[in-house]
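Novice: Dropping the sequence and predicted coords here.
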Amino acid sequence: MPIRAVLWDIDDTIFDYAMADRTAVLEHLRAEGMLDGSGAEGAVLRRWREVTAVHWARFEAKEVDFQGQRRGRVRAFLGEGASDAEADAWFARYLRHYEAAWELFPDAVPALDGLTPGYRHGALSNSSNRNQDRKLRVLGVRDRFEVLVCADDLGVSKPAAGAFHAACEALGLEPGEVAYVGDKIDIDACGARDAGLTGIWLDRAGAPGAAPGGLPAGVTGVHRITGLDQLAALLRGDTRFGAPSPIG
């Protein structure tokens, strides 16, 4: 079954979330008087990422809503009982720095250009539709995607098959006609594979792999690329789907 569409992850796939978040946290904490320039940036960033991971997992598990995970991150990070209004205000100040740092990866638009019009495009994210729709519009690429499907609306998150199937249904395609590309091998590539899509892992960091195609030991049935400039060749048959990918 030929691939007719590409579903895209957003954060750390086409949008440089890690860079924007790092920049925002440091600038925000300096503005709040919470960084004294003593070289504590590394510890602060680790702590922020830890609390973000914990409360994002709660959001994905539907234990809290999108605003609730933001409030939880603030309270856990500050170590104090901030009210909802105080937590919202603190996070809003962080967001100003975060949004000022928004950037697409340099290979994102060329990859989209190179795959159009041969392939349709959609986006599937574990975030909220309101958040990701605005982000894509500010970054100037929302019109590149026919559909934007987000976990907050679905009630199910990647890697659950239901999330991938909902995005395929929104495109009007069968899972076998869709490829999914994302930066997380378990949630994105393997989740897509298990749902019947072609799973493509974007390994920008070049993690060492022990299996064919540079995959971690024990992982099969997905493809690995180290940049979006390799995606067109993979999709257009330079690599046979179902065989270990030599790309990367």
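Specialist: Looks like it came in fine. This is a predicted model, so every value here is computed, not measured.
Novice: Excluding chain neighbours, what is closest to residue 25?
Specialist: Among residues not flanking residue 25 along the chain, residue 48 sits closest, at 5.1 Å (C-beta to C-beta, 6 or more residues apart in numbering). Quick note: C-beta positions are derived from backbone N, CA and C, even for glycine.
Novice: Confirm that the one you found sits in a helix.
Specialist: Yes: counting by DSSP: H, G, I helix; E, B strand; the rest coil, residue 48 falls inside a helix.
Novice: list the contacts for it?
Specialist: 21, 25, 73, 77 (C-beta atoms under 8 Å, 6 or more residues apart in numbering).
Novice: Taking those residues together, which two end up most distant?
Specialist: With distance counted by C-beta to C-beta, no two of these lie farther apart than 21 and 77, which are 12.7 Å apart.
Novice: Tell me which of those two has more neighbours.
Specialist: Under the neighbour definition other C-beta atoms under 10 Å, residue 21 and residue 77 were set side by side, and residue 77 has more, 23 against 20.
Novice: shaky segments in the chain?
Specialist: Scanning the chain for pLDDT under 70 picks out 37-39, 210, 238-248.
Novice: Show me it divided up by domain.
Specialist: Using automatic domain parsing, the domains assigned to the chain come out as 5-16+104-235, 17-100.
Novice: out of those, deepest packed?
Specialist: Mean neighbour count (mean count of other C-beta atoms under 10 Å) peaks for domain 5-16+104-235 among the domains of the chain, with a mean of 19.
Novice: Pull up the distance across it, start to finish.
Specialist: One end of domain 5-16+104-235 sits 10 Å from the other (C-alpha to C-alpha, to the nearest Å).
Novice: what's the following helix or strand after the host helix or strand of residue 124?
Specialist: Remark: residue 124 resides in strand 120-125, with elements defined by DSSP states H and E. Scanning forward in sequence from strand 120-125, with DSSP H and E defining helices and strands, the next element found is helix 129-138.
Novice: Okay, now the sheet partners of the helix or strand just after that following helix, with direction.
Specialist: Secondary structure here is assigned by DSSP H and E; on that basis, the next helix or strand after helix 129-138 toward the C-terminus is strand 147-150. If you go by DSSP bridges, strand 147-150 pairs up with strand 120-125 (parallel).
Novice: all helices of the protein, in order?
Specialist: 17-31, 41-60, 66-78, 84-100, 108-115, 129-138, 151-154, 161-171, 191-194, 231-235 (DSSP state H).
Novice: Cool, thanks, signing off.
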